[in-house]
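Colleague: pasting a predicted model and its sequence here:
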Amino acid sequence: MPLYEYACRSCTKSFEEIRKYEERLSAPACPECGSPETVLRLSVPGFVGAGSAGRSGDLAPCGMPAGQGGCCGGQCMH
Ligand SMILES: [Zn+2]
């Protein structure tokens with residue numbers, strides 16, 4: 001059976017639990033505080049930092065460094 005990772009909404013503790021695939025959405029109670037408010041954590045590969053998403057905060061749309069005389073600084077020719 002696969003191993004799933006859950007996160008507790010009450011104490012923010014995360015824990016792993018072996019479940020059947022069909023039962024993965026019926027989250028178990030938190031082993032830490034006993035709260036049933038647990039959610040299945042989706043560990044999707046490439047969700048964070050993949051592709052261009054990781055650089056969007058560094059550069060303006062024209063490619064100039066954002067906040068350093070780029071598009072917003074009035075010196076951009078684009
Ligand atoms: Zn908890």
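Modeller: Looks like it arrived, so ask away.
Colleague: hey, let's count contacts and neighbours off CA atoms from now on
Modeller: Noted.
Colleague: for the ion, what are the nearby residues on this structure?
Modeller: Contacts of the chain with the ion, taken as CA under 5 Å from the ion, map to C8, S10, C11, C30, E32, C33.
Colleague: which pair in the residues you listed spans the largest distance?
Modeller: Farthest apart among the residues of the chain next to the ion by CA to CA are S10 and E32. That separation is 9.7 Å.
Colleague: what sits against E32?
Modeller: C11, K13 (CA atoms under 8 Å, 6 or more residues apart in numbering).
Colleague: in a strand, it, correct?
Modeller: No. Assigned with DSSP: H, G, I helix; E, B strand; the rest coil, E32 falls outside any strand and is coil.
Colleague: give me the pLDDT value at it.
Modeller: pLDDT for E32: 95.
Colleague: what does S35 give?
Modeller: pLDDT, S35: 96.
Colleague: which SS class is E22?
Modeller: helix.
Colleague: so what's it up against?
Modeller: Applying CA under 8 Å, 6+ apart, no residues contact E22.
Colleague: list the buried residues for stretch 26-42?
Modeller: For stretch 26-42, burial by neighbour count (16 or more other CA atoms under 10 Å) applies to A27, P28, A29, C30, T38, V39, L40.
Colleague: same check, this time on stretch 9-21
Modeller: Buried residues in stretch 9-21, counted by 16+ other CA under 10 Å: S14, F15, E17, R19.
Colleague: may I have that stretch exported as PDB, CA atoms only?
Modeller: This file holds the C-alpha atoms of stretch 9-21, laid out as PDB (Å, rounded to 0.1, in the frame of the first residue of the first chain):
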ATOM      1  CA  ARG A   9      -4.800  21.900  10.500                       C
ATOM      2  CA  SER A  10      -4.900  22.200  14.300                       C
ATOM      3  CA  CYS A  11      -1.200  21.800  15.200                       C
ATOM      4  CA  THR A  12       0.300  22.000  11.600                       C
ATOM      5  CA  LYS A  13       2.100  18.800  12.200                       C
ATOM      6  CA  SER A  14       2.600  16.600   9.200                       C
ATOM      7  CA  PHE A  15       2.700  12.900   9.400                       C
ATOM      8  CA  GLU A  16       2.800   9.900   7.100                       C
ATOM      9  CA  GLU A  17       0.200   7.200   6.900                       C
ATOM     10  CA  ILE A  18       0.000   4.000   4.900                       C
ATOM     11  CA  ARG A  19      -3.400   3.900   3.300                       C
ATOM     12  CA  LYS A  20      -5.200   2.100   0.500                       C
ATOM     13  CA  TYR A  21      -5.500   4.300  -2.600                       C
END
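Colleague: fine, thanks again, bye for now.
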